[in-house]
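**Student:** this one's structure only:
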């Protein structure tokens, strides 16, 4: 079992920045690829970013590429999402998730492959 708790959400003006954090507890954090997803009202949950077990590989959705950066600190069992140049369309509940992967270099973009999910943190970007 892995428990995930997100933090760092809030209200920010367009163009601003936020840094989300997701703290994990339970089984070995470094055994999981980690991901961030978001869900806006009335929309499906969508992929934002993923990072491999060892942090050497990451991938980001086209909609956030160049603005958001995923990172992780395995010693702190925490994954981060640095969000810059925020736009009103980034408004959503942001979730972190953990996926068991066969290799330390695998990143996962499909939400169906994630086993554990946090409760989410609200990000609101005002125009």
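**Tutor:** Right, received. Where do you want to start? What you see is a predicted model, and the numbers here were worked out from it, not measured in a lab.

**Student:** next, the residue nearest in space to the middle of the chain: phi, psi?
**Tutor:** Note on the chain: the residue nearest the mean C-alpha position is residue 36, at 2.1 Å, using CA atoms, centre = their mean. Dihedral pair for residue 36: phi -120, psi 140, per degrees, to the nearest 10.

**Student:** same question for residue 89.
**Tutor:** Main-chain torsions, residue 89, degrees, to the nearest 10: phi -70, psi -10.

**Student:** helix/strand/coil for residue 30?
**Tutor:** helix (DSSP: H, G, I helix; E, B strand; the rest coil).

**Student:** my guess is it contacts residue 53. True?
**Tutor:** Yes: under the criterion of CB atoms under 8 Å, residue 30 makes contact with residue 53 at 5.7 Å. All C-beta atoms are positioned from the backbone trio N, CA, C, and that covers glycine.

**Student:** ok, the residue nearest to the centre of the chain touching residue 72?
**Tutor:** No: Residue 36 is beyond contact range of residue 72, at 10.9 Å (criterion: CB under 8 Å).

**Student:** for these two, list the residues in contact with both.
**Tutor:** Common neighbours of residue 36 and residue 72, counting by CB atoms under 8 Å, 6 or more residues apart in numbering, are residue 79.
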